[in-house]
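Engineer: I'd like to go over a predicted model; first the sequence, then the structure.
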Amino acid sequence: MQDSPIIEYHFTLGHHVKDIERIEHVIKELESLLDIDEKSLFQLNLVLEELISNTMFYGFSGMDEGSIDVDLSFDGSYINVRIHDNAKEFDPTVEANDTSGHTLDERAVGGLGIMLSQRISEEMEYKRHGGLNKLSFKINTKRND
């Protein structure tokens, strides 16, 4: 069995909520570039929209400028994602594990979406370095075969 070549894709978004629309265009472009099943692309779209919309709504709140860089790579089995932004510090890996709210009204803002994002993805890791939030995760496309 021959190893699949690694395919890389990069895009940058501004800090305005309207920039989220670009994710849909990215997913459509990836659909034509990569041999990935529809369910994996749907999961990627869901996780990206959740994490990026939280950054735009809350992380950039009160900020005049900001950007989000997204690096994707696909090795034939996993979609590897790295998101870097200069928003306020926020660790979604901690928020995803916070089960203190028992009802929808009691949960923290974004709590359910972040929890779902963490369950869909694998190896979600966060660090703050050089004034940037750096989040990485991967989506196992073989799980969806």
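Structural biologist: On my side now, so go ahead.

Engineer: all helices of the protein, in order?
Structural biologist: Secondary structure of the chain by DSSP state H: the helices cover 21-33, 38-54, 92-97, 111-120.

Engineer: same question for the first one, mean pLDDT?
Structural biologist: Model confidence over helix 21-33, given as mean pLDDT, is 92.

Engineer: can you check the longest one too?
Structural biologist: Average pLDDT, helix 38-54: 94.

Engineer: what's that helix packed up against?
Structural biologist: Where contact means 3 or more C-beta pairs under 8 Å, 6 or more residues apart in numbering; DSSP states H and E, helix 38-54 is packed against helix 21-33, strand 67-74, strand 78-85, helix 111-120, strand 132-140. Where you see a C-beta, it was placed from the backbone N, CA and C, and this is true even at glycine.

Engineer: hmm, 6 Å instead?
Structural biologist: Helix 38-54 sits against helix 21-33, helix 111-120, strand 132-140, with contacts defined as 3 or more C-beta pairs under 6 Å, 6 or more residues apart in numbering; DSSP states H and E.

Engineer: Could I get the buried residue list for it?
Structural biologist: Neighbour-count burial for helix 38-54 flags 40-41, 43-54 (criterion: 16 or more other C-beta atoms under 10 Å).
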